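K.L.:
Quick one, fold the following:
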Amino acid sequence: MIDDADWPTEIRLSRDKRTLHVAYAGGAAYALPAEYLRVESPSAEVQGHAPSERKWLPGKREVQILSVAPVGNYAVKLTFDDMHDTGIYAFDFLRRLGEEQAMRFTRYEEELAARNLSREPARRR
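P.N.:
All right, here's what the predicted structure looks like:
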């Protein structure tokens with residue numbers, strides 16, 4: 001069950017399609033970059049079925065969000081320009097992504113570096 005403070009009052013995609021702005025009834029507001037949302041997708045394709053199956057996705061720095069579609073009254077489905085569209089982003093998960101953005105993004109960059117991978121798309125490497 002979603003607490004009132006976890007209920008979004010606004011979900012808006014920026015004009016350049018690189019940032020999803022989410023504001024909550026409790027006053028919290030987050031600007032979530034498309035790259036971050038893509039690499040943290042809750043889909044099994046990214047997360048796997050166990051922590052050891054997690055995928056670390058390189059080359060997503062320039063990814064854009066093509067569409068934001070409601071899923072019932074609890075989530076949104078994002079479609080990215082790399083055609084990934086299997087993640088369902090529950091409102092409380094979006095809030096958690098906002099709260100943990102610095103920590104999660106640092107972990108992402110560290111994991112890519114440990115695997116000798118880059119955030120840059122292949123054409124720019």
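K.L.:
By mean pLDDT, flag the weakest helix or strand of this protein.
P.N.:
Lowest by mean pLDDT, DSSP states H and E among the helices and strands of the chain is helix 44-47, with a mean of 86.
K.L.:
how much distance is there from that one to the middle of the chain?
P.N.:
Here the centre of helix 44-47 is set off from its chain's centre by 12 Å, with CA atoms, centre = their mean, to the nearest Å.
K.L.:
what does stretch 25-45 give?
P.N.:
Computed by CA atoms, centre = their mean, the chain-centroid distance of stretch 25-45 equals 3 Å.
K.L.:
May I see the buried residues of it?
P.N.:
For stretch 25-45, a neighbour-count test (16 or more other CB atoms under 10 Å) marks 30, 32, 33, 34, 35, 36, 37, 38, 39, 40, 41, 42 as buried. Quick note: C-beta positions are derived from backbone N, CA and C, even for glycine.
K.L.:
try stretch 99-119
P.N.:
By neighbour count with 16+ other CB under 10 Å, stretch 99-119 contains the buried residues 101, 105, 108, 112, 118, 119.
K.L.:
With stretch 75-94 instead?
P.N.:
Across stretch 75-94, burial judged by 16+ other CB under 10 Å covers 75-76, 78-80, 84, 87-94.
K.L.:
Let's see which of those residues end up in helices.
P.N.:
Taking DSSP state H, the ones among the buried residues of stretch 75-94 that sit in helices are 91, 92, 93, 94.
K.L.:
export those to CSV and tack on pLDDT and distance to residue 10?
P.N.:
Listed next are those as CSV, based on pLDDT from 0 to 100; distance: CB to CB, whole Å:
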residue, pLDDT, distance to residue 10
91, 94, 12
92, 93, 16
93, 95, 17
94, 96, 12
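K.L.:
with these in mind, which one is nearest to residue 56?
P.N.:
The shortest approach to residue 56 among these belongs to residue 93, at 19.1 Å (CB to CB).
K.L.:
which residues of this protein score low on pLDDT?
P.N.:
1-4, 124-125 (pLDDT under 70).
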